[in-house]
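J.: Provided below for reference: sequence and predicted model.
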Amino acid sequence: MAQILVLTESSEADGEVIYSENVASIHLEGHAGAQLVERLRWAVRDAQVAEHRAMLRPATTGDAERPTAA
């Protein structure tokens with residue numbers, strides 16, 4: 001059976017799996033297809049949010065490690 005995966009993009013290692021679903025061609029038809037596309041849309045949005053948070057982490061960590069001026 002075919003599988004749909006939504007992964008976060010990562011330059012350091014494999015991305016984080018946000019969504020995984022086994023599908024057959026029957027799942028792409030009619031109402032079931034519309035529901036699948038909706039789940040896929042949510043997963044892509046969640047992956048984008050996770051990637052954005054991952055980009056902010058190094059910037060936030062870098063500021064916290066700076067010494068304060070005396």
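T.: Thanks, I have the structure now.
J.: which residues in this protein form strands?
T.: 2-7, 17-23 (DSSP state E).
J.: any idea how far the last one is from the middle of the chain?
T.: It stands for strand 17-23. 11 Å (Cα atoms, centre = their mean, to the nearest Å).
J.: list the buried residues for it?
T.: By 16 or more other Cβ atoms under 10 Å, the buried positions in strand 17-23 come out as residue 18. To be clear about C-beta, it is placed using only N, CA and C from the backbone, and glycine gets the same treatment.
J.: hang on, the earlier thing: quick one: closest of the strands of the chain to residue 29.
T.: With Cβ to Cβ as the measure, strand 17-23 is the member of those nearest residue 29 (11.2 Å).
J.: okay but residue 7 is in contact with residue 15, surely?
T.: Yes - look at residue 7 against residue 15 with Cβ atoms under 8 Å: they come within range, at 3.5 Å.
J.: who touches both of these two?
T.: Counting by Cβ atoms under 8 Å, 6 or more residues apart in numbering, the common neighbours of residue 7 and residue 15 are residue 47.
J.: still on that earlier bit, quick one: closest of the strands of the chain to residue 34.
T.: Comparing these by Cβ to Cβ, strand 17-23 comes nearest, at 13.6 Å.
J.: how about that closest one as PDB, C-alpha atoms only?
T.: This file holds the C-alpha atoms of strand 17-23, laid out as PDB (Å, rounded to 0.1, in the frame of the first residue of the first chain):
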ATOM      1  CA  VAL A  17       7.500  13.000  10.700                       C
ATOM      2  CA  ILE A  18       4.500  15.200  11.100                       C
ATOM      3  CA  TYR A  19       2.000  13.000   9.300                       C
ATOM      4  CA  SER A  20       2.000   9.400   8.000                       C
ATOM      5  CA  GLU A  21      -1.000   7.600   6.400                       C
ATOM      6  CA  ASN A  22      -1.300   4.500   4.200                       C
ATOM      7  CA  VAL A  23      -3.500   5.100   1.200                       C
END
